[in-house]
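Trainee: fold the following.
(2 chains)
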Amino acid sequence: MGPTAGIGFKPEHIEEAVASPAAGLWFEVHAENYMVGGGPRLAMLEAIREARPLSVHGVGLSLGGEERVDREHLSRFKQLIDRFEPFLVSEHLAWSRIDDICLPDLLPVPRTRDALECILRNIDETQTALGRKILIENPSHYIPFAEHEWSEPDFLAEIVRRTGCGLLVDVNNVYVSANNLDYCPYTYLDSMPLGAIGEIHIAGHRPDVARGEALLIDSHDAPVAAGVWALLEHLLRRRGAAPVLLERDGAVPPFADLEAERDRAANILNEPRDYANAI
Amino acid sequence: MRSSLSTFQRAFASAIVSGAPSDFDRSPGFAIYRNTSAVAAIEALAAGYPATRAIVGELDFRQLARAYFRSDPPATPILAYYGEGFADWLDWRPDASHPSYLPDVARIDRLQLESHLAADPDEVDLLAPADISDDEWTRVAAVLRPAARFRWFDRPTPSIWLASRASCAPDQITPDWKPEGILLTRPGGAVDACVLNRMEFELLEAFVANETVGDAAIAIAKRRPSGDIGAAFRRLLSSGAIHGFRRKEQY
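Mentor: Numbers count the residues shown, from 1 in each chain, chains lettered A, B, ... in the order given. As a prediction, this is how the structure comes out:
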């Protein structure tokens, strides 16, 4: 079986998730939600891992931070990876930690030479500690920076070239960022180093209450938008199949609804396509 | 040059945490970063402090949580642990509209969270009560489960907390106004809680101090001759707080 489609695991779906007969279904979890001593959370993750392949997605390593990766946090990350043996491990082109503050968000990295050096160092330290390659995800953007010295695809390509990491392309983030910062999402995708893409995320977004469609928010609380499905199909035509993950973190519907949305991604993956442009 | 990146990141984080207008607000999208961080921290705190939330109400709790985020933003990316100092913070920020026992309710919420997230007990060979002869108890120490948490209060905050946990409205909670302890354990998947009397609390304290069961029982019974030390011990046994027993020579 080639690459298949997965669902971001929500604890309220544990029973249906374990019992689902869907072919090729896999799950992804946020690493930090399971970095606890023990108890029901880890028991649930054991059950998921026993039933299905697992992907672990970090949100707190702050790889784009000026500071080095926190050794204690990295050690907890490694313990989780060693215990659950995920088939994919990913993090973000973002930062969240400065001094003693860890903001619960994926904050924007100015694509400068200084920032590149820090990111290369942090990814290298992470991959060395984990003893494996990680995938780096493009975050959503809400504000422009005059300081950028690279486009995001070129910056990511440089990171891939110098660290050997792979990429996780979130096409919803591409859609949201392109809308907010006024660039073409197709040109963005076409500029990506396609061979490095090891996973694709899809999710829903919503318009900002005050500014409407001019400012989209990567809210993960709605079904995947038509424009995002179109980007997914475009990327898969260009890249060829890669694991696709449906994320949903707010207004979480019944598992069957997520499964139906995930099946749509699985069907796109299964479509015979002309791979003339694929890697 | 590196310092320019840290200067930017420090200013960006400061603008998010303070909530005060900054140069970053020239971009309307900056509000998304500010909101996302605050909302995620508030939701994490709300998840960890359910009884505190029930007592002050959702709206008041969100205001408290927002103020707490401004004062004490998360220091770890593991949000489940966020709010370690919340009860102390409530102590020095008394609000006349909140009951004076609110910080202690928050302390018990925190104990519940710690119990919920604590490690599972090691699978080691421990003795069960049936393995211990009557004359051996002065040479045997109790091993508590990692999820066991207990604390003494000079008010009936444990009863108030338990009533709140059982969804009683704050004005329906009428405890006996006397000191109480609380014990939280996780013998199965969920956290169990019960009120402790002073004798039970002192026994648990002695177990943590690695006194033998017999020595602790004799000392406490002498201090509190009107109490029933046997009943206190049996209640702790049935609570699930004790993982097992070890002969002292095994240490």
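Trainee: C-alpha from now on. contacts and neighbour counts both.
Mentor: OK.
Trainee: number of residues surrounding A:Pro3?
Mentor: 16 (other C-alpha atoms under 10 Å in any protein chain shown).
Trainee: spit out the contact partners of it.
Mentor: Counting by C-alpha atoms under 8 Å, 6 or more residues apart in numbering or on different chains, A:Pro3 touches A:Ala241, A:Ala242, A:Pro243, A:Val244, A:Leu269.
Trainee: run the last query once more with 10 Å
Mentor: If you count contacts by C-alpha atoms under 10 Å, 6 or more residues apart in numbering or on different chains, A:Pro3 has them with A:Gly24, A:Gly198, A:Glu199, A:Gly240, A:Ala241, A:Ala242, A:Pro243, A:Val244, A:Ala266, A:Leu269, A:Asn270.
Trainee: most neighbours among those, which one?
Mentor: Counting by other C-alpha under 10 Å, top hit in the contacts of A:Pro3: A:Val244 with 27 neighbours.
Trainee: how much space separates that residue from chain B?
Mentor: Computed with C-alpha to the nearest C-alpha, to the nearest Å, the distance linking A:Val244 and chain B is 25 Å.
Trainee: starting at the chain centroid, how far to stretch B:63-83?
Mentor: Centroid separation between stretch B:63-83 and its chain, computed with C-alpha atoms, centre = their mean, to the nearest Å, is 16 Å.
Trainee: for that stretch, measure first residue to last.
Mentor: 15 Å (C-alpha to C-alpha, to the nearest Å).
Trainee: among the contacts of A:Pro3, which lie within strands?
Mentor: Among the contacts of A:Pro3, DSSP state E puts A:Gly198, A:Glu199, A:Val244 in strands.
Trainee: pLDDT weak spots in chain A?
Mentor: A:273-279 (pLDDT under 70).
Trainee: and the pLDDT for B:Ala38?
Mentor: Predicted confidence (pLDDT) for B:Ala38: 97.
Trainee: and A:Leu103, what element?
Mentor: Element membership of A:Leu103 [criterion: DSSP states H and E] is strand A:101-107.
Trainee: do that strand and chain B meet?
Mentor: Yes. Shown here: strand A:101-107 in contact with chain B (C-alpha under 10 Å from any C-alpha of the partner chain) through A:Ile101, A:Cys102, A:Leu103, A:Pro104, A:Asp105, A:Leu106, A:Leu107.
Trainee: against which helices or strands is that strand packed?
Mentor: Contacts defined by 3 or more C-alpha pairs under 10 Å, 6 or more residues apart in numbering or on different chains; DSSP states H and E place strand A:101-107 against strand A:95-98, helix B:2-18, helix B:30-48.
Trainee: what's the closest of the contacts of A:Pro3 to chain B?
Mentor: Nearest to chain B out of the contacts of A:Pro3 is A:Glu199 (C-alpha to the nearest C-alpha; 23.4 Å).
Trainee: residue contacts, that closest one?
Mentor: Per C-alpha under 10 Å, 6+ apart, neighbours of A:Glu199: A:3, A:5, A:55, A:88-90, A:135-137, A:166-170, A:241-245.
Trainee: for the stretch 51-200 of chain B, which spans come out with low pLDDT?
Mentor: Across the stretch 51-200 of chain B (using pLDDT under 70), the flagged ranges come out as B:170.
Trainee: and the one residue in it that gets nearest to chain A, helix, strand or coil?
Mentor: Among all residues of the stretch 51-200 of chain B, B:Ala119 sits closest to chain A, at 4.0 Å; criterion: C-alpha to the nearest C-alpha. Here B:Ala119 is recorded as coil under DSSP: H, G, I helix; E, B strand; the rest coil.
Trainee: tell me the SS of the residue sitting nearest the centre point of chain B?
Mentor: By C-alpha atoms, centre = their mean, chain B has its centre lying nearest to B:Leu111, at 1.3 Å. Look at B:Leu111: counting by three-state DSSP, its state is helix.
Trainee: and it, how far from B:Ala241?
Mentor: As for B:Leu111, its distance to B:Ala241 is 14 Å (criterion: C-alpha to C-alpha).
Trainee: what ranges do the strands span in the chain?
Mentor: Assuming you mean chain A. Counting by DSSP E, chain A has strands at residues A:5-8, A:26-30, A:54-57, A:88-92, A:95-98, A:101-107, A:135-137, A:166-170, A:197-202, A:206-208, A:212-217, A:244-246.
Trainee: please go with chain B instead
Mentor: All strands of chain B, identified by DSSP E, fall at B:140-144, B:149-153, B:180-185, B:192-196, B:242-247.
Trainee: how about the fourth one: buried residues?
Mentor: Right, the one you point to is strand B:192-196. Neighbour-count burial for strand B:192-196, counted by 16 or more other C-alpha atoms under 10 Å in any protein chain shown, picks out B:Asp192, B:Ala193, B:Val195, B:Leu196.
Trainee: is it correct that B:Ser159 is in contact with B:Leu183?
Mentor: No. Using C-alpha atoms under 10 Å as the test, B:Ser159 is too far from B:Leu183 to be in contact (11.5 Å).
Trainee: now for these two: what residues contact both?
Mentor: Common contacts of B:Ser159 and B:Leu183 (C-alpha under 10 Å, 6+ apart): B:Cys194, B:Val195, B:Leu196.
Trainee: and the helices in the stretch 51-200 of chain A?
Mentor: For the stretch 51-200 of chain A, the helices defined by DSSP state H, counting those that start in this stretch cover A:71-84, A:113-130, A:152-163, A:171-181, A:185-190.
Trainee: how deep is the closest residue to B:Thr185 other than its chain neighbours tucked in, by neighbour count?
Mentor: Computed as C-alpha to C-alpha, 6 or more residues apart in numbering or on different chains, the closest residue to B:Thr185 that is not its neighbour in sequence is B:Ala148, at 4.5 Å. Neighbour count for B:Ala148, taken as other C-alpha under 10 Å: 26.
Trainee: swap in B:Ser4?
Mentor: 12.
Trainee: contacts only, for it.
Mentor: Contacts of B:Ser4 by C-alpha under 10 Å, 6+ apart are A:Glu66, A:Asp114, A:Ala115, B:Arg10.
Trainee: what sits against the third one?
Mentor: It stands for A:Ala115. A:Leu63, A:Gly64, A:Gly65, A:Glu66, A:Val109, A:Arg121, B:Met1, B:Arg2, B:Ser4, B:Leu5, B:Ser6.
Trainee: and it, how far from A:Ile98?
Mentor: 14 Å.
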